[in-house]
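Q: Sequence and predicted structure are below.
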Amino acid sequence: MTGVNEVQTVTVDATGGTWTVTFGAATSAAINFNASAASATTSMEAMSSIGTGNIVVTGGPGAAGGGTPYTLTFQGTLGYQNVAQVTTGAGSLTGGASTATPATTTAGSTGDDVYF
């Protein structure tokens, strides 16, 4: 069986401000509510608990009503495993619901699961 990379989302419902992501013991620098996926990837890769090449962010940007969620795909040394759910800090967001809501859409797996 082939392993599966963990996929999580962060839905940002705001019209201004910034949000953060915490994974493990590290928290990202402030991310603009409407940051590009590339910018969000760079912010998350800078975290000591993630590192360069271990996450790719697609989707976004944030907008009133949530728009298009950011999709976080764990890969590299964080690939093919069930990783902890990210948490978010939304205290600096404004407008909309002023939220950054995380969710896991695909749990990661090594592919070594044996079923009888």
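A: On my side now, so go ahead. Because the structure is predicted, anything quoted here is derived from the model rather than measured.
Q: tell me the contacts of residue 97?
A: Residues near residue 97 by CB atoms under 8 Å, 6 or more residues apart in numbering: 13, 14, 66. All C-beta atoms are positioned from the backbone trio N, CA, C, and that covers glycine.
Q: State the distance from it to residue 19.
A: Distance, residue 97 to residue 19, by CB to CB, to the nearest Å: 12 Å.
Q: ditto for residue 64
A: Taking CB to CB, one finds residue 64 at 14 Å from residue 19.
Q: Mind checking which of these two has more residues around it?
A: residue 19 (25 against 15; other CB atoms under 10 Å).
Q: Okay, and the beta partners of that one?
A: residue 31 (DSSP bridges).
Q: Would you check that it makes contact with residue 12?
A: Yes. Residue 19 is within contact range of residue 12, at 6.0 Å (criterion: CB atoms under 8 Å).
Q: shared neighbours of these two, anything?
A: Shared contacts of residue 19 and residue 12 (CB under 8 Å, 6+ apart): 33, 62, 90, 93, 100.
Q: what about the fourth one, how many neighbours?
A: Close neighbours of residue 93, defined as other CB under 10 Å, add up to 22.
Q: next one: the second one
A: For residue 62, the count of nearby residues is 33 (other CB under 10 Å).
Q: residues touching residue 85, list them.
A: Each residue near residue 85 by CB under 8 Å, 6+ apart is listed here: 8, 102, 103, 104.
Q: and what of residue 35?
A: 43, 60, 61, 62.
Q: Out of these, grab the one that's most surrounded.
A: residue 62 (33 neighbours).
Q: Which strand or helix spans that one?
A: Under the criterion of DSSP states H and E, residue 62 resides outside all helices and strands.
Q: in the chain, which spans are helices?
A: 37-45 (DSSP state H).
Q: got any ranges where it has weak pLDDT?
A: 1, 113-116 (pLDDT under 70).
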